[in-house]
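**Student:** the amino acid sequence is not available; the structure is as follows:
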């Protein structure tokens, strides 16, 4: 009898624990603060200007980069479609985006503010 009483008590305690209300999980962080869209660039992020050449880089599926005449290579985030031509000479002004990352890793990410053909 003692073994059956222990078994019954064990089953009852297990049932009570299983049926009790779960402890509420902590709230998830706000999507806007944790995973939202790209934040606006900070005013302290440098603006660069100069001339350079648009180049097609056959890496990670292919993309266009900007080889500036000062020796830097930039990854433009918003290069207009009519400027996506390998070898195209351009004059540009853009903001270096230190708040963004890329799998391409060719150089700093550049948000183009102005661009024109030479």
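**Tutor:** Alright, I've got the coordinates. Every value quoted in this text rests on a predicted model; they were computed, and no experiment measured them.

**Student:** residue 113 should be in a strand, yeah?
**Tutor:** Yes - using DSSP: H, G, I helix; E, B strand; the rest coil, the assignment for residue 113 is a strand.

**Student:** show me where the protein has its helices.
**Tutor:** If DSSP state H is used as the criterion, the helices of the chain fall at 2-19, 31-34.

**Student:** okay, strands next: where are they in the chain?
**Tutor:** Secondary structure of the chain (DSSP state E): strands located at 47-57, 63-68, 73-76, 89-96, 109-117.

**Student:** how about these in JSON lines, adding distance to residue 82?
**Tutor:** In this view, the C-beta of every residue, glycine as well, is placed from N, C-alpha and C. Formatted as JSON lines, the strands of the chain follow (distance: least, CB to CB, whole Å):
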{"stretch": "strand 47-57", "distance to residue 82": "11"}
{"stretch": "strand 63-68", "distance to residue 82": "12"}
{"stretch": "strand 73-76", "distance to residue 82": "13"}
{"stretch": "strand 89-96", "distance to residue 82": "11"}
{"stretch": "strand 109-117", "distance to residue 82": "9"}
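
**Student:** any chance of the ones you listed in a markdown table, plus mean neighbour count, mean pLDDT and distance to residue 13?
**Tutor:** Listed next are the strands of the chain as a markdown table, based on neighbours: other CB atoms under 10 Å; pLDDT from 0 to 100; distance: least, CB to CB, whole Å:
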| stretch | mean neighbour count | mean pLDDT | distance to residue 13 |
| --- | --- | --- | --- |
| strand 47-57 | 15 | 96 | 65 |
| strand 63-68 | 19 | 96 | 62 |
| strand 73-76 | 20 | 96 | 61 |
| strand 89-96 | 18 | 97 | 63 |
| strand 109-117 | 16 | 96 | 58 |
